[in-house]
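Enquirer: Next one to model:
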Amino acid sequence: QLQLVESGGGLVQPGGSLRLSCAASGFTLDYYGIGWFRQVPGKEREGISCINNSGRTTNYVDSVKGRFTISRDNAKTTVYLQMNSLKPEDTAVYYCAVRRQLLSWCVMTDGEYSTWGQGTQVTVSS
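Expert: As a prediction, the model looks like this:
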């Protein structure tokens, strides 16, 4: 059974950092693109970053460019989202998801992803 488990969320002050992890079980990540998404209550889920199966291509939504970094360790079947210079507007539940692909690009459209984690809460507040 394919499963994803996020961890690393929590409460952090503005300007602080967190690293989210997304651990896969039941499969290897070699043939999957990964996306990170976030959702605030009452709003649609937003794609914020993605990485293709090789790890050579990444993409970010404008609001997190220069602050967030996505990376993957296929040997550890884990994907990371390093979040720096956090702002109160980054407060949300963060989800990782996988999309089976062998492509040179990645997408941040949630409808393209088939398996999702349960989410981890990130709260940025003083």
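Enquirer: and the nearest residue to residue 64 once chain neighbours are set aside, which of the three is it?
Expert: Spatial nearest neighbour of residue 64, chain neighbours left out: residue 48 (5.3 Å); criterion: Cβ to Cβ, 6 or more residues apart in numbering. For the C-beta atoms, the positions are set from N, CA and C on the backbone; glycine is no exception. Assigned state for residue 48: strand (three-state reduction, DSSP: H, G, I helix; E, B strand; the rest coil).
Enquirer: For residue 48, give me its contacts.
Expert: Taking Cβ atoms under 8 Å, 6 or more residues apart in numbering as the criterion, residue 48 is in contact with 36-38, 60-61, 63-64, 68, 108.
Enquirer: Dig out what residue 46 forms beta bridges with.
Expert: residue 38 (DSSP bridges).
Enquirer: Give me the distance between it and residue 3.
Expert: As judged by Cβ to Cβ, to the nearest Å, residue 46 and residue 3 stand 23 Å apart.
Enquirer: likewise residue 28?
Expert: Residue 28 sits 13 Å away from residue 3, going by Cβ to Cβ.
Enquirer: more crowded one of these two?
Expert: Per other Cβ atoms under 10 Å, whichever of residue 28 and residue 3 has more neighbours is residue 3, with 13 against 10.
Enquirer: Excluding residues flanking it in the chain, which one is nearest the more buried one?
Expert: Nearest in space to residue 3, with sequence neighbours left out and distances taken as Cβ to Cβ, 6+ apart, is residue 25 at 4.7 Å.
Enquirer: cool, and residue 24?
Expert: Take residue 24 and drop its neighbours on the chain: the residue closest to it by Cβ to Cβ, 6+ apart is residue 77, 4.3 Å away.
Enquirer: One more: residue 76?
Expert: The spatial neighbour of residue 76 that comes closest, neighbours along the chain excluded (Cβ to Cβ, 6+ apart), is residue 23 at 7.9 Å.
Enquirer: is the residue lying closest to residue 8 once chain neighbours are set aside in a bridge, and if so with what?
Expert: Excluding the flanking residues, the one nearest residue 8 by Cβ to Cβ, 6+ apart is residue 20, at 4.2 Å. Each beta-bridge partner of residue 20 is listed here, defined by DSSP bridges: residue 81.
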